[in-house]
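*Asks:* here's my sequence, what's the structure:
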Amino acid sequence: MASSALSISSSSTLVDAKAPRQSAPASTQCVSLPTLPPPPVPSQTRPWKATTYCRKMARNVMAMATGEAPAEVAATELPEIVKTVQEAWDKVEDKYAVTSLAVTVAIAVWGSTGMISAIDRLPLVPGVLELVGIGYTGWFAYKNLVFKPDR
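*Replies:* Predicted structure coming up:
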């Protein structure tokens, strides 16, 4: 009877095409994940940046050795718009009020965009507002642009 049980188990392994399972003893081996590649060195990814920095340093060292002003400080000029804004800001007497007004305007714009987007999410309102806009545009064109004496 033992031989028939053995033949059945061996035939089942051949049919399943699997090796018979062996109970493995509990091991304390750890499975580790593969390591990541090292991060790229900044000078390898952007060699032009390192080269530019070295050239600037060499110019500054030469300028300090000869007693001249560094070229980048002398050549750096602010754009015209920045100069204009700085001059206008220097002329303002009540800077606190102007700053408060600018912050208030920024908050009002932010709040109004939130309100408009909330209205736009309502199902019928955008279509109705579009129709009102088209109607007003037509009325304005008819009243002010169609007849020659009113143009």
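*Asks:* now do the SS call for residue 85.
*Replies:* Here residue 85 is helix, with the state taken from DSSP: H, G, I helix; E, B strand; the rest coil.
*Asks:* need the pLDDT of residue 113.
*Replies:* At residue 113, the pLDDT value in this model is 95.
*Asks:* no wait, residue 24
*Replies:* Per-residue confidence (pLDDT) for residue 24: 53.
*Asks:* and residue 36, by the same measure?
*Replies:* Residue 36 carries a pLDDT value of 80.
*Asks:* that one: neighbour count?
*Replies:* For residue 36, the count of nearby residues is 6 (other Cβ atoms under 10 Å). For every residue, glycine as well, the C-beta is placed using N, CA and C.
*Asks:* which residues are contacting stretch 90-105?
*Replies:* The contact list for stretch 90-105 (Cβ atoms under 8 Å, 6 or more residues apart in numbering) reads residue 89.
*Asks:* and the protein, split by domain according to the record?
*Replies:* 76-120, 124-150 (the TED database).
*Asks:* residue 66 is nearest to which of those?
*Replies:* domain 76-120 (19.5 Å; Cβ to Cβ).
*Asks:* show me what contacts residue 120?
*Replies:* Counting by Cβ under 8 Å, 6+ apart, residue 120 makes contact with residue 126.
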